[in-house]
Structures are given as C-alpha cells and as structure tokens.
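A.B. asks: output the structure for:
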Amino acid sequence: MEKRLAKLREKLAENNLDAAFLYSKENRRYISAFTGSTGYVIVTADKAFFVTDFRYREQAKQQCQGFEVVIHGSSLIEQLKEIVVNSGIKNMGIEEGFMTVAFYENLKNSFGNVELMNLKGIMDELRLFKDAEEIEQIAKAASIADAAFEHILGFIKPGKTELEVAVELEYFCKKNGAAAMSFDSIVASGVRSSLPHGVYSEKVINNGEFLTLDFGCVYNGYCSDMTRTVFVGKADEKQKEIYNTVLKAQQAALEYIKPGMLGKDVDKIARDIITAAGYGENFGHGLGHGVGLAVHEEPRLSPLGDKTLGANMVVTDEPGIYIAEYGGVRIEDLVLVTEDGHRVLSKSPKHLIEL
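C.D. replies: The predicted structure follows:
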C-alpha cells in the first residue's frame, strides 16, 4: 500500500491536485486494502485518512495500514469537511464516474471554496498494471472458473434449465474458494445465445442448441472472466462454420496481445476475420477489456481502444457472432500481457465441444 500511495501522490502532484477523494469499492480497496462495504479515503501529499462508521472501526484499524482511521458520527459530510479544512485542501480530485449528483452537491455546498475536480482517470491508470500478487489472485480466480467449466460439462443435458446450470456453476465456484461471482452468470441456450448478455433464465436447454457460458468468480477481491460456447447434441455444417469463424478470430487476435499494440488494432484483427466471413454486422461489441478488482476496467480492446498494451496488464479476448432468432457463439480467454508477449490464464479447451 505504501508504494500505491506514493504513486498516487506523484500523480496528484503532476495534476496540481491537493488531494484525492475515493470511495468506489475497487479504488478504496486498491489504495487502502479495506474489504468492507463502507468507507471514504482522502489522500493528500503527506497524509492519508480512512473515514468509516462504528461498524468497521476494528476492521479499518487492522486493514488500513498507513492511514489515520476516523470514525464519523451522525454526519459523514461534517466529518469530511473537518478533514478537508484542517488539511488546508484547496482542490480535490473526485471519482466523477461514481459520484451521484446528490452527493456531489452535498460536498460542494459543505466544502465552501474547495474546488472539486475530476481525477482524470488517475486511478484507472494506476490499476492498469498489475503487480505479482494481483496477477496471482486473478490467475487463481481463473483456475477456479476452469475447474467449474470442466465440472459443468458433466452436468449439462437436455431438460436442464439455464437457471439450474447457473446455480450449479456458482455453487461449484464458491465451494472451491470463490468469494462471489464476478457478475451475473450468462447461461444462454438456443435462440437466447444470440443475446451477448443473455443472463440465465428458466428456459429449458434442448438438444440441437448452442449453449453460451460466460462467467467468472472473485478470489481475494480479484475477478476472472471467461466464455465458452458448447453444442448440445451434434452441430450441423452452418453451426460449425459459425463456431470455427469465432475461434479463428479469437486465436488470431490472441497472437497480437503483446506490449506495444493498441487496443483498437488488436480488435481489428478479430473484426476483419469475422467481417470477411460475412458476419461483420453480427459482431457488435468490443473484443475485450481489462480485468482486475473490477471485471470491466481499462484497457479496452475495441474500435475506440487508444491505450497501448504493456506488460502486466490483464485483458480479455472475446469475439462473437450473434444471429437473431438463430443463436450465437462467443469464445473468451483471460490473458496476461507479458514482457515478450502474453500468457493465457484461461485453460479450458476451445475446440467445439458437442455434448
């Protein structure tokens, strides 16, 4: 945490900010190690405050090393104001993407002449590059998901519902060390597999259908994310063509996940292959995104992805083809960018599995 605080302070100085105010769960945990649900961080050039309520008094003192832990009373805003005034803060960077208008107005009205400014993506930039411990946690989360996929292949059969599959996936992940799922699991069969975010329903899985499984789990705060599409029964030639087109695009893009590549250029590799096969209009989302404390974070691998990949970033590679009223396929790996290329963290097989 000392190194993270030092880097944050460097960024504050570069951007002429007196302080940073953080309270999103990911940024709060990243900078303070606090794992509870409620807490507010103020970091200045020489001090770090962690403000919470009585429920987390002991937890904050144990976890937030290097922070002055402050327990607020009935008025959080008054406690924050006291810290800001006593610290001589004239301007403060806030998480503009998380703060509600009501909270912003409350702070603005209470802090008087203190200028509230955007943090300008400072925390996103700090979290781009994972350290060895973060990579270890993400890899462990990925390994739990891999084991869950292997397990679920023996569970899926015609007559099961998507909901039953999702519940079994979640049970297996938690039984094997996951604290939670990274997001609501996507279990989409048949025509519902054309929905990129087709969260599980009570639909019965039938023979002759694609079944897309997009899920991940959380281990020590860090997320995994993977997608595999299987076929229930025997796929016909068109279904095989669609699957193999997505697989070709996914594997081709994978080879370009390495330091120095722009996110949009990696996206183009996969997109061009799918377009050449005649399915360009059926691939409407970005190729991938960063994964860490949040399951969707920087960098973005999309037509707008302007960040350059660097060693120790973790990203997804997940092209797809989605045909309304027919079905769809997505294949996704979780990938660590290394000094000389990449390492795939998702180990589950990617060939067409027919159940």
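
A.B. asks: how far away is the residue most central in space within the chain from Met226?
C.D. replies: The centroid of the chain falls nearest to Val295 when counting by C-alpha atoms, centre = their mean (1.3 Å). Computed as C-beta to C-beta, to the nearest Å, the Val295 to Met226 distance reads 11 Å. (Each C-beta comes from the backbone N, C-alpha and C, glycine too.)

A.B. asks: what of Lys234?
C.D. replies: Distance of Lys234 to Met226, computed by C-beta to C-beta: 25 Å.

A.B. asks: what number of residues are in the vicinity of Leu316?
C.D. replies: For residue 316 the amino acid is Thr, not Leu. Burial of Thr316 is recorded as 25 neighbouring residues (other C-beta atoms under 10 Å).

A.B. asks: after the strand or helix carrying it, next one along is what?
C.D. replies: Using DSSP states H and E, Thr316 sits within strand 314-317. Downstream of strand 314-317, the next assigned helix or strand under DSSP H and E is strand 320-323.

A.B. asks: for Tyr30, phi and psi?
C.D. replies: Dihedral angles of Tyr30 (phi, psi; degrees, to the nearest 10) stand at phi -60, psi -40.

A.B. asks: residues in contact with it?
C.D. replies: For Tyr30, the contact set (C-beta atoms under 8 Å, 6 or more residues apart in numbering) comprises 4, 123, 126-127, 293.

A.B. asks: most neighbours among those residues, which one?
C.D. replies: In terms of neighbours by other C-beta under 10 Å, the contacts of Tyr30 top out with Met123 at 24 neighbours.

A.B. asks: just give the nearest non-adjacent residue to it, would you?
C.D. replies: Ranked by C-beta to C-beta, 6 or more residues apart in numbering and with sequence neighbours excluded, the top spatial neighbour of Met123 is Asn27, at 4.7 Å.

A.B. asks: wait, a strand at the one you found?
C.D. replies: No. Under the criterion used here (DSSP: H, G, I helix; E, B strand; the rest coil), Asn27 is helix, not part of a strand.

A.B. asks: now Gly263, nearest residue through space, not along the chain?
C.D. replies: Computed as C-beta to C-beta, 6+ apart, the closest residue to Gly263 that is not its neighbour in sequence is Gly305, at 2.4 Å.

A.B. asks: that older thread, for the strand holding Thr316, output the C-alpha coordinates as PDB.
C.D. replies: C-alpha atoms of strand 314-317 as PDB (Å, rounded to 0.1, in the frame of the first residue of the first chain):
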ATOM      1  CA  VAL A 314      -4.700  -8.300 -17.900                       C
ATOM      2  CA  VAL A 315      -7.300  -8.300 -20.700                       C
ATOM      3  CA  THR A 316     -10.000 -10.500 -22.300                       C
ATOM      4  CA  ASP A 317     -10.100 -11.700 -25.900                       C
END
